[in-house]
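In: Provide a 3D model corresponding to the input given below.
(4 chains)
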Number of protein chains: 4
Amino acid sequence: MGKDLRKRLYKNLAPEAWPQPGLSPTNKFIYSLIVFSALFAVLETEKTIYDIAPSMFSLIEILIVSVFIVEYTARIYAVGEIEKYSGVRGRIRYIFSFWSIIDLLAILPFLLSLTSSNAFMLRLLRLWRLMRVARLGRYSQAMAAIVGAISLRRYELILSMAVAAIILVISSACLYLLEGDIQEEAFGSIPRALWWSIATLTTVGYGDVTPVTALGKIFAAITAITGVGMIAMPTGILASAFSDILQKHKNQRD
Amino acid sequence: MGKDLRKRLYKNLAPEAWPQPGLSPTNKFIYSLIVFSALFAVLETEKTIYDIAPSMFSLIEILIVSVFIVEYTARIYAVGEIEKYSGVRGRIRYIFSFWSIIDLLAILPFLLSLTSSNAFMLRLLRLWRLMRVARLGRYSQAMAAIVGAISLRRYELILSMAVAAIILVISSACLYLLEGDIQEEAFGSIPRALWWSIATLTTVGYGDVTPVTALGKIFAAITAITGVGMIAMPTGILASAFSDILQKHKNQRD
Amino acid sequence: MGKDLRKRLYKNLAPEAWPQPGLSPTNKFIYSLIVFSALFAVLETEKTIYDIAPSMFSLIEILIVSVFIVEYTARIYAVGEIEKYSGVRGRIRYIFSFWSIIDLLAILPFLLSLTSSNAFMLRLLRLWRLMRVARLGRYSQAMAAIVGAISLRRYELILSMAVAAIILVISSACLYLLEGDIQEEAFGSIPRALWWSIATLTTVGYGDVTPVTALGKIFAAITAITGVGMIAMPTGILASAFSDILQKHKNQRD
Amino acid sequence: MGKDLRKRLYKNLAPEAWPQPGLSPTNKFIYSLIVFSALFAVLETEKTIYDIAPSMFSLIEILIVSVFIVEYTARIYAVGEIEKYSGVRGRIRYIFSFWSIIDLLAILPFLLSLTSSNAFMLRLLRLWRLMRVARLGRYSQAMAAIVGAISLRRYELILSMAVAAIILVISSACLYLLEGDIQEEAFGSIPRALWWSIATLTTVGYGDVTPVTALGKIFAAITAITGVGMIAMPTGILASAFSDILQKHKNQRD
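Out: Below you'll find the predicted structure:
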């Protein structure tokens, strides 16, 4: 009977073991809770929200972590279903596997009653588990298509990034030479000028720092126009890569 | 003779019943009036424009709504042409159908002489009716291509949005840790940092909030560069999807 | 002999009459002068540049216009080569043709010694003539590809613009409701909110106007994210259109 | 034996002479040093970093340049392996070849103990050498694909840039007319208005200059919307170009 329970637990807790497509009801709940707990950890950092009901926040956190502790121990018990992780030694091996350490790290701050403000970072670690779901079912194909498209054109993408990096350094160097003396704070060195340069080349354009001299503006204009190319280039590369990846899949099916 | 009138009314009022391609002259007028009345509702909110001739605005509104009331009742009468909506029961069924309720909601605020400033939202509802035209003729193919392209790659698009969401949270968390103490107002919590993070990742870059420390700027630069990828990814996915959708249509024709 | 001169003039002045690929030396000079005179008209508006040597600016302008007057009269004389424009009547017909009127308008402000500051707009009209060259040789194929790609997908492009327009109105209406009372100047009416809305949806993001309330920021974030889609959509449509246009050209050649 | 050393030196120093794929260990070190020395030259311009340990910066610079001097002389000796550059005359020919002059310029400021603040520009010249590696192995294919895609559609790209340039001038002229009197500093001349115009059309949107009148904002909105097209156009052109280039490569292999 214990074996039967373990089998059922394993089937429900390991996403890859569930016989039907999609997630088991248990995992649907667990993964929803992961998203919810991350949202919750995010909202908790905002004092105006936290101060409405601090005790409610603590209570919900206790409830969430309890579920994760139960799930964690249940998973360690159930993992014995796989040969590799059966027995005490197997369990220890499982505990020190990559995904288990992340799970533990996400529970730990609560167990050690850490109240440091950075503890939320550990809680956000839980989001990593969502990555595991991405490798299942229909999303795994989509994931494969995205990863495949990027790796198919990795040299073109790396090259266009290298060109972008060189343009970044050149435009920063130019503005450092042209406006370094006038705007010490913004362009007083190349690393400082890089801040403006990145904001311009990515077309973000905060506007906290802008050139003021005519020559500086001309170079900035060139950088901005180049920025459009820097967006068009990887986009074009990726678009053709996606077309190719799909064509391949089709040909394999035919 | 009443039947003949009803038939002609139906043919003129129901876009799908018009025998020729395009819209009937009556509907051309009605749909132009919808666009005009939306524009009108938009302009009315601007006091400097409204105050030029408030009585003219009221008059035009009365005229527009009158047309819509006449059209609404005419349509309820004419819809009897379809079996499903004939008779009193059919008419009531029609009145409570999705599109009719929207039509009614757009007239209602005037009938009930609501003068609340939010009444214009109901008037803007009329714009929804334009969606119905989009399902006719040549635009329906275009609509099908767009919807088809998005749904063909929905998993890739959802995945890239999920990755974007995770990057958003991570970059917000980083800037909250790095500049939370220095810029309380802007980065004092993750939800606050999200505002900056979204503006950066979408390359909007308002510049109302920007990091000031060197480390904060380095993380911001990484976010901005990632932002270019966040634009390139869905664009590339959609570009290949449109190519595929068209290829399919072609193959079906051949 | 006069006929011979007219023939040679026509061959040199009419871009379509030149036997070799490219432009005749005369036209190369004329078209360079068009670009130069436009640049010149642009620079003249800047007082700090104009005040360096106002007399030089007048002199150069006299020289440029003289060339254009000579070219204009020479073209009217030479156009007699074509049947349609030969004789006095033909010449008058030519003078009132679209391109000739533009040429005349560009000379006129000088002839009438107009010194109004808006006269430069007429001078910029000359740039239109460059459009004529675009219809010659290798650029005409490129032009055909661009125009062809846009018209091939015109319904998809119009639809995506219509969707963008509706999103613009909705996001403006939302921010008007949410921040209209707090930021009267920026969001006090829908037309005012549209200014912010366009800057956000096109990812320009000036930052002169930004929402300040939490709800306003949430809606702004949604608008910004939609903005990425508004860029991705037409780009994807155009990318697939260019692929198709080329495929067609290839198939026709095979 | 001297010949043998020269052969080995040449094989290790000339990237194209290395028998295995990739770079020789010596060149891996040299190219890493190039990147490091560029980074170093960039950081040196920031006083807050330089002032931590000025003597360390001088020392590292001496070390780096020493390596480059040794490498430079070794390369001149080894290049005798190629017929073209053998003998004293050949060596002089090599010294005055394009790549050698760049190498020399990067060493020179140190040899002449130039301490002018612009000397770092010469040091950044070294980065050019990285371009040479880009022509080797797998990156050379990627480079060929990028260059091929751009040159395949050069007329379309030039045309779309020409259209962008004309739109730039027109939108600048409009804002100069509309706001030239109100905002002298920002729109007092077309060249000034161009600064705003470029920031808008590339969707950078610094926000240091924005129109304030209703009409000015309407024209600005049109420019911003056109800007989206200005990004979509080259991206779409490039995307289809990359697809074509790959198709060609495939057909050649089949």
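
In: I'd like the next helix or strand past the host helix or strand of residue A:158.
Out: For residue A:158, the element it lies in under DSSP states H and E is helix A:154-179. Following helix A:154-179 in sequence order, the next helix or strand is helix A:184-187 (DSSP H and E).

In: helices and strands around the next helix or strand after that following helix, which ones?
Out: Where DSSP H and E defines the elements, the next helix or strand beyond helix A:184-187 is helix A:190-201. Packing partners of helix A:190-201 (3 or more CB pairs under 8 Å, 6 or more residues apart in numbering or on different chains; DSSP states H and E): helix A:154-179, helix A:184-187, helix A:214-253, helix B:214-253, helix D:25-44. Just so you know, the C-beta spots here come from the backbone N, C-alpha and C atoms, and that holds for glycine as well.

In: adding distance to residue A:199 and mean pLDDT, write these out as a markdown table.
Out: Putting the helices and strands packed on helix A:190-201 into a markdown table (distance: least, CB to CB, whole Å; pLDDT from 0 to 100) gives the following:
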| stretch | distance to residue A:199 | mean pLDDT |
| --- | --- | --- |
| helix A:154-179 | 11 | 91 |
| helix A:184-187 | 11 | 92 |
| helix A:214-253 | 10 | 87 |
| helix B:214-253 | 7 | 87 |
| helix D:25-44 | 17 | 89 |
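
In: on that earlier part again, can the helix holding residue A:158 be found next to chain D?
Out: Yes - Helix A:154-179 lies within reach of chain D by CB under 8 Å from any CB of the partner chain, at A:155-156, A:158-160, A:162, A:166, A:169-170, A:172-173, A:176-177.

In: closest to chain B out of the residues you listed?
Out: residue A:160 (10.2 Å; CB to the nearest CB).

In: how much space separates the nearest residue to residue A:224 once chain neighbours are set aside from chain B?
Out: Nearest non-adjacent residue to residue A:224, counting by CB to CB, 6 or more residues apart in numbering or on different chains: residue D:202, 4.4 Å away. Remark: distance between residue D:202 and chain B (CB to the nearest CB, to the nearest Å) = 11 Å.

In: wouldn't residue D:202 be in contact with residue A:203 here?
Out: Yes - distance between residue D:202 and residue A:203: 5.9 Å, which falls inside the contact criterion (CB atoms under 8 Å).

In: shared neighbours, those two?
Out: Here residue D:202 and residue A:203 share the contacting residues A:224, A:227-228, scored by CB atoms under 8 Å, 6 or more residues apart in numbering or on different chains.

In: neighbour count added to those, as JSON lines?
Out: Converted to JSON lines, the shared contacts of residue D:202 and residue A:203 look like this (neighbours: other CB atoms under 10 Å in any protein chain shown):
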{"residue": "A:224", "neighbour count": "24"}
{"residue": "A:227", "neighbour count": "28"}
{"residue": "A:228", "neighbour count": "23"}
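
In: TSV for those, including distance to residue A:131?
Out: Shown next, in TSV, are the shared contacts of residue D:202 and residue A:203 (distance: CB to CB, whole Å):
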residue	distance to residue A:131
A:224	36
A:227	32
A:228	33
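
In: what separation do you get for the residue lying closest to residue A:19 once chain neighbours are set aside and chain C?
Out: Among residues not flanking residue A:19 along the chain, residue A:11 sits closest, at 7.3 Å (CB to CB, 6+ apart). Residue A:11 is 38 Å from chain C, where distance means CB to the nearest CB.

In: count of residues packed around residue A:11?
Out: Using other CB atoms under 10 Å in any protein chain shown, residue A:11 has 15 other residues around it.

In: from residue A:82, how far out is it?
Out: 12 Å (CB to CB, to the nearest Å).

In: for chain A, what lies in contact range of chain C?
Out: Proximity of chain A to chain C (CB under 8 Å from any CB) is limited to residues A:203-207, A:235-236, A:239, A:243.

In: 6 Å instead, please
Out: Where chain A comes near chain C, counting by CB under 6 Å from any CB of the partner chain, the residues are A:207, A:239.

In: which residue does chain A bring closest to chain C?
Out: Minimum separation of chain A from chain C (CB to the nearest CB) falls at residue A:239, amounting to 5.2 Å.

In: my guess is that residue contacts residue C:239, does it?
Out: Yes - taking contacts as CB atoms under 6 Å, residue A:239 lies within contact range of residue C:239: 5.2 Å.

In: now do the shared contacts for these two.
Out: Common neighbours of residue A:239 and residue C:239, counting by CB atoms under 6 Å, 6 or more residues apart in numbering or on different chains, are B:239, D:239.

In: check the residues of helix A:154-179 next to chain D against chain B, which are close?
Out: Within these, nothing lies near chain B by CB under 6 Å from any CB.
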